[in-house]
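[1] based on what follows, work out the 3D shape:
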Amino acid sequence: MKSRSWHPSPAATGTVVVGLCTLLAGVLLGQADVALIGVPLVLAVVLGRSQRPTGSTSVSFEPGHPTEVPGVIEETLHVVPAPGADVVHVRVFAPGHRPVEAVLPGGGPRALPLRLASERTGPQRTFHVDVRARGVADVTTEDATSVEAAHRLVLPEAAHLGRVPVSPRLRGLTGPRASRRLGDGSELRDVHPLAPGDRLRRVDWRATARRSPTLESLHVRRTFATAEAAAVLVIDSRDDVGPDLHTWRGSEPQRVDEATSLDLARHAAASVATALVGAGDRVGLEDLARRRRPLAPATGKRHLRRILHALAVAAPVGDPSHRVRPPQVPTDAIVYLFTTLLDSAAPDLVEQWVERGVPVVVIDTLPAVQPVSEKHLRLAWRVTAMERADRMRALAARGVPVLQWAGRDREQAATRFELLVRSAERHQPTAGAGR
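    Purely as a prediction, here's the structure:
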């Protein structure tokens, strides 16, 4: 940081002018008491100039973690006043908050903790600080310096969901779920006479005694083999709108205390991914706004961390693009689509997936829109809401469930996922439909 110069403050200049005028007036009028009033003012400025600070004030933020969880972002501001500085004036700015000022005494290093409340996720600007030190009696002042804290990447926080729907077509030779084929597992399929290839340790002696008292044939317990499910999370980050219609045009900033559609999509996708990975299933990620290489389905805590990071950096890129072909997903996977349904692009992709036999669950991430007073905005939102309702009815007619994720609907998401799992279990005669 380059050194900054010290110069007389406006207050000191005014004090000298007032003191000299008072002293001169007392001398001209021959009144000593009036002249004595100006003497302390002039002496105070002279004393302050004689104790002029040297060096410069050092300001820096404490290096912290580059990622945060939503809710509160914390920083520590370190201020080292210049030698001889009397006080340090600090002004802190934060997006969506009023500026806060503080006056710190000089004489030694100071640590100022800063806290920023925000409901937003993804890349976030944090603090901007202006610092100015002042000398004794505010006679001299230092040039102001500005310091900006590093941007933070706020990861989405996952909610507990319990069981979530999976594809009825499982994969692999092992996993946490019971498949439809015979093999090593814990879920009983039937009791069958011993055949070539059956292991003797699977002989059920009680069933053998009941069915063949003379031990002419042995009976074994056959089980369902275990397997794992695969899911692909498709996040529609082509647009990021908040509950205020005035911000949809992009001319007004979005509030930090109101979650946008992309914030809700990140939260919903993180919750579903956490539930699936916690169950031992494989999860992949696809971003409709970016044509980069998607995250292939995998499992484990490290892979979950990669998914959360990819969700946090998902953001609109230029004008929303229309994809003619849907992202390629494994044939034995289920697709979770997180979208606002503001246009027909996402429903068109769902229709192509359904025609290929891929199960799809749509999560509506549009926040609850606030009422507005402008007539043209009310009319525009009414038309948009009607179009959204038509798309939801078309998806329901296709057998695609649509779950809301805004407001109180988020608290009921676990219950609705459980209903979908039980519905799949009722329509599937064998094991392997849900968690």
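[2] partners of the helix or strand A102 falls within in the sheet?
    Assigning secondary structure by DSSP states H and E places A102 in strand 100-105. Paired strands of strand 100-105, with direction, are strand 87-93 (antiparallel) (DSSP bridges).
[3] need the contact partners of the strand it pairs with.
    Contacts to strand 87-93, defined as Cβ atoms under 8 Å, 6 or more residues apart in numbering, come from residues 57, 77, 79, 81, 99-106, 110, 112, 114, 127-134. In this view, the C-beta of every residue, glycine as well, is placed from N, C-alpha and C.
[4] one more pass at 7 Å, please.
    Contact with strand 87-93 is made by 57, 79, 81, 99-106, 112, 114, 127-134, as judged by Cβ atoms under 7 Å, 6 or more residues apart in numbering.
[5] quick one: buried ones out of these?
    Those of these that meet the buried threshold are 57, 79, 81, 104, 106, 112, 114, 127, 129-134, by 16 or more other Cβ atoms under 10 Å.
[6] need those residues in a markdown table (columns: secondary structure).
    Rendered in a markdown table, the data for these read as follows (DSSP: H, G, I helix; E, B strand; the rest coil):
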| residue | secondary structure |
| --- | --- |
| T57 | coil |
| V79 | strand |
| P81 | coil |
| L104 | strand |
| G106 | coil |
| L112 | strand |
| L114 | strand |
| F127 | coil |
| V129 | strand |
| D130 | strand |
| V131 | strand |
| R132 | strand |
| A133 | strand |
| R134 | strand |
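[7] closest one of those to I235?
    F127 (28.9 Å; Cβ to Cβ).
[8] right, and that closest one touches E75 too?
    Yes: between F127 and E75 there is a contact at 5.7 Å, judged by Cβ atoms under 7 Å.
[9] what touches both of those two?
    114, 149.
[10] list the contacts of A209.
    Under the criterion of Cβ under 7 Å, 6+ apart, A209 has no contact partners.
[11] what's the pLDDT at it?
    pLDDT recorded at A209 is 82.
[12] again, but for E187
    If you check E187, the pLDDT there is 67.
[13] one more: the one 4 residues further on?
    At V191 the predicted local confidence, pLDDT, stands at 77.
[14] next one: the one 10 residues further on
    Among the per-residue scores, R201 holds a pLDDT of 76.
[15] please shift the residue numbers so they start at 84 in all later answers.
    Done: numbering now begins at 84, and the last item shifts to R284.
[16] from A278, how far out is it?
    For R284, the distance to A278 equals 15 Å [Cβ to Cβ, to the nearest Å].
[17] and the gap between V443 and A232?
    Counting by Cβ to Cβ - V443 and A232 are separated by 42 Å.
[18] tell me who's in contact with the spatially most central residue of the chain.
    Nearest residue to the geometric centre of the chain (Cα atoms, centre = their mean): T204, 2.7 Å. Taking Cβ under 7 Å, 6+ apart as the contact definition, T204 lies against 153, 237-239, 346, 349, 395.
[19] redo these as a markdown table? Include distance to S427.
    Listed next are the contacts of T204 as a markdown table, based on distance: Cβ to Cβ, whole Å:
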| residue | distance to S427 |
| --- | --- |
| P153 | 31 |
| V237 | 31 |
| L238 | 31 |
| P239 | 27 |
| D346 | 24 |
| R349 | 23 |
| A395 | 28 |
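[20] flag the shaky bits of the stretch 134-283 of the chain, pLDDT-wise.
    By pLDDT under 70, the low-scoring segments of the stretch 134-283 of the chain are 134, 147-153, 254-271.
[21] at 80 what do you get?
    Along the stretch 134-283 of the chain, segments meeting pLDDT under 80 span 134-137, 146-155, 219-223, 253-275, 277, 280-283.
[22] just the strands in the stretch 384-518 of the chain please.
    Along the stretch 384-518 of the chain, counting by DSSP state E, counting those that start in this stretch, strands occupy 416-422, 443-447, 485-487.
[23] can you pull out the strands in the stretch 234-383 of the chain?
    If DSSP E, counting those that start in this stretch is used as the criterion, the strands of the stretch 234-383 of the chain fall at 235-237, 260-265, 271-276, 302-310, 313-318, 365-370, 378-381.
[24] show me the strands paired with the last one, marking each as parallel or antiparallel.
    The reference is to strand 378-381. When pairs are called by DSSP bridges, strand 378-381 turns out to pair with strand 365-370 (antiparallel).
[25] ok so, going back, would you point to the one among the strands of the stretch 384-518 of the chain that's packed deepest?
    strand 416-422 (a mean of 26; mean count of other Cβ atoms under 10 Å).
[26] go ahead and produce PDB holding the CA coordinates of it.
    This file holds the C-alpha atoms of strand 416-422, laid out as PDB (Å, rounded to 0.1, in the frame of the first residue of the first chain):
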ATOM      1  CA  ALA A 416     -31.200 -42.500 -14.200                       C
ATOM      2  CA  ILE A 417     -33.900 -40.200 -12.900                       C
ATOM      3  CA  VAL A 418     -33.800 -36.500 -13.800                       C
ATOM      4  CA  TYR A 419     -34.500 -33.700 -11.300                       C
ATOM      5  CA  LEU A 420     -35.100 -30.400 -13.200                       C
ATOM      6  CA  PHE A 421     -34.900 -27.200 -11.200                       C
ATOM      7  CA  THR A 422     -36.500 -24.400 -13.200                       C
END
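[27] show me what that strand is packed up against.
    Helices and strands touching strand 416-422, as assessed by 3 or more Cβ pairs under 7 Å, 6 or more residues apart in numbering; DSSP states H and E, comprise strand 313-318, helix 344-361, helix 428-438, strand 443-447.
[28] need these in JSON lines (columns: mean pLDDT).
    Listed next are these as JSON lines, based on pLDDT from 0 to 100:
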{"stretch": "strand 313-318", "mean pLDDT": "94"}
{"stretch": "helix 344-361", "mean pLDDT": "94"}
{"stretch": "helix 428-438", "mean pLDDT": "92"}
{"stretch": "strand 443-447", "mean pLDDT": "96"}
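[29] tell me which of these sits most buried.
    The most buried one of the helices and strands packed on strand 416-422 (mean count of other Cβ under 10 Å) is strand 313-318, showing a mean of 26.
[30] hmm, who's touching that strand?
    Taking Cβ under 7 Å, 6+ apart as the rule, strand 313-318 contacts 249-250, 254, 348, 352, 355-356, 359, 364-371, 380, 394, 397, 410, 412-413, 415-421.
[31] list the contacts of the spatially closest residue to Q435 that is not a sequence neighbour.
    Distances taken as Cβ to Cβ, 6 or more residues apart in numbering put P409 closest to Q435, at 4.9 Å, once the chain neighbours are dropped. By Cβ under 7 Å, 6+ apart, the residues touching P409 are 432, 435-436.
[32] quick one, domains of this structure?
    Taking automatic domain parsing as the criterion, the chain consists of the domains 89-133, 141-237, 267-310, 313-509.
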